[in-house]
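Sequence first, predicted coordinates after that:
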Amino acid sequence: MPIEFTHVPGKTHAADASFFYDFVETATKLSLIEDAGFRKIVVDDPAGLLTNMDLAAQALDRTSSLEMVLTHWAGVIEPTVAARQLAAIDAKSGGRLSLRMLSEPLNDDDAETRPVGHTVVWQRIDEYLVLLKRLWSNDRPFDHEGAFYSIKGGYVPRKGPHGADVTIRMGGQSGTALKVAGRHADVFELTPGSLDETRQLIERVRSAAAEHGRAGKLRFALPVRLGAQGNAASCQKAVEIAGPPAQVALSLLPYAALGIQEFMLVGVDRPREIAFAARETIALLRNSLARREAEVVQAGAFASRVTPEVRAAS
């Protein structure tokens, strides 16, 4: 089972600006991250969605294989505008863009016209994603009148390389959130917890996806903070794992055994931390998984040879 690693930028010190503040320095770090074996990087700047789009476009220009996980919210801009801008970024990058949908309360204007609540927020996300996918795939303009969006002649002439198949990442724990994620998510970002809690959440997500015939299409990602190199200034909650690199790798193996195929490493921001993660944690975990898979294959081959001999003897 191939394991991917995603870099989640934090802050080197509490008083520091965001990871992308100085783009000359960021470009150097992006090169290190790409060379270190990270497959993706999360773009989630405090300035918000439009800044995230700009930063993702700049970062894509400065990398050759690193994928941008663009943090996004429904309701900030209209679906037609978002679909057009995202398709342009995806096309320019050669398909190295994925969309990370987070929930956010509706704004005050919305509150004046309808009750604000958890269910309403997720209903809007659902409608928003339906429209994005339709705009990324339709071959002629369409009209739409929904609970949250009204579109006349909706059409994006220049589609991205993947059309409506842009990777959608979601998370959540409530039944409502899982229902929407089950319909739309390609990658589900798990809420950090114990092995049992993680196993239970994976089962709930797969059950929700099964209602849409998508149980086998989901991948699972887990946020992880490396305690030896991490820092309290990072803005993401994550499973905290500390200790020598070998111990860290062994601690992650049980999570990989649950079916998690992506680890989101949080707060590994200094160049020496990035290099250490590449040389130690990432390499050790990949080698450990490869060794375990080889042992399973070898055991299976041995069992297949022994069984006929046992039957013959009996």
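That came through, no problem. Residues are numbered from 1 along each chain as shown.

drop to CA atoms for contacts and neighbour counts, all remaining ones
OK.

Can you pull out the low-pLDDT segments for this protein?
For the chain, the stretches with pLDDT under 70 are 1, 11-17, 104-116, 227-237, 298-314.

hang on, isn't Pro223 packed against Ile241?
No: using CA atoms under 8 Å, Pro223 makes no contact with Ile241, being 10.7 Å away.

For the two, indicate the residue with more neighbours.
Higher neighbour count among Pro223 and Ile241: Pro223, with 23 against 19, using other CA atoms under 10 Å.

Given the helix or strand hosting the more buried one, what are its sheet partners and their directions?
Using DSSP states H and E, the element containing Pro223 is strand 219-226. Paired neighbours of strand 219-226 in the sheet (DSSP bridges): strand 187-189 (parallel), strand 239-241 (parallel), strand 260-266 (parallel).

Can you add distance to Ser251 and give these back as a markdown table?
Output for the strands paired with strand 219-226, formatted as a markdown table (distance: least, CA to CA, whole Å):
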| stretch | distance to Ser251 |
| --- | --- |
| strand 187-189 | 19 |
| strand 239-241 | 7 |
| strand 260-266 | 12 |
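
what's the closest of the ones you listed to Thr28?
strand 260-266 (18.4 Å; CA to CA).

Could you look up the next helix or strand downstream of that closest one?
Next element after strand 260-266 (DSSP H and E): helix 271-276.

Restrict that following helix to CA atoms and write it as CSV.
In CSV, the C-alpha atoms belonging to helix 271-276 read as follows (Å, rounded to 0.1, in the frame of the first residue of the first chain):
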residue,chain,number,x,y,z
PRO,A,271,14.9,23.6,6.4
ARG,A,272,16.7,21.2,8.8
GLU,A,273,13.3,19.9,10.0
ILE,A,274,12.2,19.2,6.4
ALA,A,275,15.5,17.4,5.7
PHE,A,276,15.3,15.4,8.9
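
and it, which residues are buried?
Residues of helix 271-276 classed as buried by neighbour count (16 or more other CA atoms under 10 Å): 273-276.

which residues of the stretch 1-150 of the chain fall in helices?
23-36, 49-61, 79-93, 108-113, 118-137 (DSSP state H, counting those that start in this stretch).

Next, format the ones you listed as TSV and append mean neighbour count and distance to Asn287.
Shown next, in TSV, are the helices of the stretch 1-150 of the chain (neighbours: other CA atoms under 10 Å; distance: least, CA to CA, whole Å):
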stretch	mean neighbour count	distance to Asn287
helix 23-36	16	15
helix 49-61	19	29
helix 79-93	20	31
helix 108-113	10	51
helix 118-137	19	38
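
Distance to Leu253 for those - can I get that in TSV?
Output for the helices of the stretch 1-150 of the chain, formatted as TSV (distance: least, CA to CA, whole Å):
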stretch	distance to Leu253
helix 23-36	20
helix 49-61	31
helix 79-93	33
helix 108-113	45
helix 118-137	33
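
Quick check: which of these is nearest to Gly267?
Set against Gly267 and scored by CA to CA, the helices of the stretch 1-150 of the chain come closest in helix 23-36, at 12.3 Å.

between the buried residues of helix 271-276, which is closest to Ala87?
Nearest member of these to Ala87, counting by CA to CA, is Ile274, at 30.6 Å.

residues touching the closest one, list them.
Counting by CA atoms under 8 Å, 6 or more residues apart in numbering, Ile274 touches 32-33, 36, 268.

Next, find the distance separating the closest residue in space to Gly146 that isn't next to it in sequence from Gly216.
Nearest residue to Gly146 in three dimensions, chain neighbours excluded: Glu127, at 7.7 Å (CA to CA, 6 or more residues apart in numbering). Distance of Glu127 to Gly216, given as CA to CA, to the nearest Å: 23 Å.

Equivalent analysis for Val205, please.
Taking CA to CA, one finds Val205 at 11 Å from Gly216.

So between those two, which is more surrounded?
Set Val205 next to Gly216 and count neighbours by other CA under 10 Å: Val205 wins out with 25 against 10.

Name the residues that touch stretch 276-284?
Contacts for stretch 276-284 (CA under 8 Å, 6+ apart): 5, 36-37, 245-246, 248-249, 268.

Fine by me, thanks again.
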